[in-house]
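Make a model of this:
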Amino acid sequence: MSSITAEKHLDSLVQQLLRDHDPAGSRVDFLGAQYDLGLAWVHFDEGFGGLSMAPKLQGHINALLADAGAPMCWPRNPIGYGMCGPTVYTHGSEEQKERYLRPLFSTEEIWCQLFSEPSAGSDVAGLTSHAVQDGDEWVVNGQKVWTTLAHVSRWGCLVTRTDPEAPKHKGLSYFVVDMEQAGVEVRPLRQMTGDAEFNEVYFTDARIPDSERLGAPGDGWRVALTTLMNERVAIGGAQAPRGSGPIADSVRLWSELQEARKTPALRDRLMALWSKSEVARLTNIRASQNRAKGVPGPEGSTGKLAFAENNKDIHEFNMELLGPEGMLYDTYAIERSATAMANSSAQQQFLRSRANSIEGGTSEVMRNILGERVLGLPGDVRTDKELPFSEVPSN
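Prediction:
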């Protein structure tokens, strides 16, 4: 099917969806119908929210639905849609895909990602939470940290150690975990914005059926890479319209600025930031056109790095445009909403942007990936790569 023919077919399906389901009505019903028509992840197989088409066509669908004011899965269930859904699709059993993908996309069930730990943040493979097999179940103990939306999640994607005698990358296994079950405790972490979208999660003899494992025992690192690569695309790979996103706030604040403050130096900085945003946007479009179905490549790390650094620079510039008003912040009252950033102020966005270069892999890790996998530079020295994890020195 040619690209033009494919777009026409998708146009007719979107029109059918909008005709049969009111975008202003039930979010769950609308998104469920979108999934059933194959318009959720268009590159997935038919029956699992897709139509086996090229990934780049999802942007065409999303643009049509956005113009119609339709609800989106992403704002309410970002971890589920951008990371856990693709991982379940790629590595899950037919039963797991049948059970989890539709309610994930309809936002009936929110998901979180349980990777980082207090002693293993950037080095995910260095995690120490562990699971011991007991018959048809695994008994999990340990702690996770910085778990976005764990407080509202029904399910989580968990990576834990199952073989301490294997090298650290080879002794991990990946599970779907019930966040409401016994032995799982979620504690909020209050951020400097006043929000608590991040959490600590403690596992105390939590039991997970072996049927909820994704991939083979010890194959958790390979499965986790699917999540991580999709996470970086989800964070930094957006194909927003030209001039939209954070840079649009800069342009708006500039237009509201008193003429006496519109110096040539500020104008030059605004144009430089706008140009960098446009370059990143066009790069993401090109990467999307080259992306095949399955695990994204290192281009996701490029987009994620550019997004994180540009975003911080833009929000710092916005504070400068605000002048003394930038020091004012309405409230630090704790907010535990899945969409806490939806109507945030410029001040809140500035504070929140500091996390962009940490979440989804730090900017330092992204530079390592680009250096090694894109530029072909020698890798960092890794003296513990082949050691049994039980022999690796710990903090």
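
Please count neighbours and contacts with C-alpha atoms only from this point.
Will do.

need the strands for the protein, in chain order.
Counting by DSSP state E, the chain has strands at residues 111-114, 130-134, 137-144, 155-161, 172-178, 184-189, 198-209, 213-214.

Save these as a markdown table, and put in distance to S93 too.
Listed next are these as a markdown table, based on distance: least, Cα to Cα, whole Å:
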| stretch | distance to S93 |
| --- | --- |
| strand 111-114 | 18 |
| strand 130-134 | 20 |
| strand 137-144 | 17 |
| strand 155-161 | 15 |
| strand 172-178 | 12 |
| strand 184-189 | 24 |
| strand 198-209 | 14 |
| strand 213-214 | 8 |
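
Of all these, which one is nearest D36?
Minimum separation from D36 across the strands of the chain (Cα to Cα) falls at strand 111-114, 20.1 Å.

And the closest one, what does it pack against?
Under the contact criterion of 3 or more Cα pairs under 8 Å, 6 or more residues apart in numbering; DSSP states H and E, strand 111-114 touches helix 78-79, strand 155-161.

ranking these by mean pLDDT, which is last?
In terms of average pLDDT, helix 78-79 trails the rest of the helices and strands packed on strand 111-114, at a mean of 92.

closest to A70 out of the strands of the chain?
The closest of the strands of the chain to A70 is strand 111-114. By Cα to Cα, the value is 21.5 Å.

Give me the sheet partners of the closest one and which way each runs.
strand 155-161 (parallel) (DSSP bridges).

chain center to the partner strand, what's the gap?
With Cα atoms, centre = their mean, to the nearest Å as the basis, strand 155-161 stands 15 Å off its chain's centre.

Give me the residues contacting that strand.
84, 109-115, 127-131, 140, 150, 171-180, 220, 224 (Cα atoms under 8 Å, 6 or more residues apart in numbering).

out of those residues, which are buried?
Neighbour counting over those (16 or more other Cα atoms under 10 Å) leaves 84, 109-115, 127-131, 140, 150, 171-179, 220, 224 as the buried ones.

Could you list the low-pLDDT ranges of this protein?
1, 121, 231-240, 288-299, 335-343, 395 (pLDDT under 70).

Break it down into its structural domains.
Domain segmentation of the chain under automatic domain parsing yields 3-105, 111-219, 224-374.

can you list the ones you listed in a markdown table and add distance to P388?
As requested, these are arranged in a markdown table below (distance: least, Cα to Cα, whole Å):
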| stretch | distance to P388 |
| --- | --- |
| domain 3-105 | 26 |
| domain 111-219 | 4 |
| domain 224-374 | 20 |
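
Let's have the helices and strands packed on strand 111-114 in JSON lines, adding distance to F198 and mean neighbour count.
Formatted as JSON lines, the helices and strands packed on strand 111-114 follow (distance: least, Cα to Cα, whole Å; neighbours: other Cα atoms under 10 Å):
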{"stretch": "helix 78-79", "distance to F198": "12", "mean neighbour count": "26"}
{"stretch": "strand 155-161", "distance to F198": "14", "mean neighbour count": "26"}
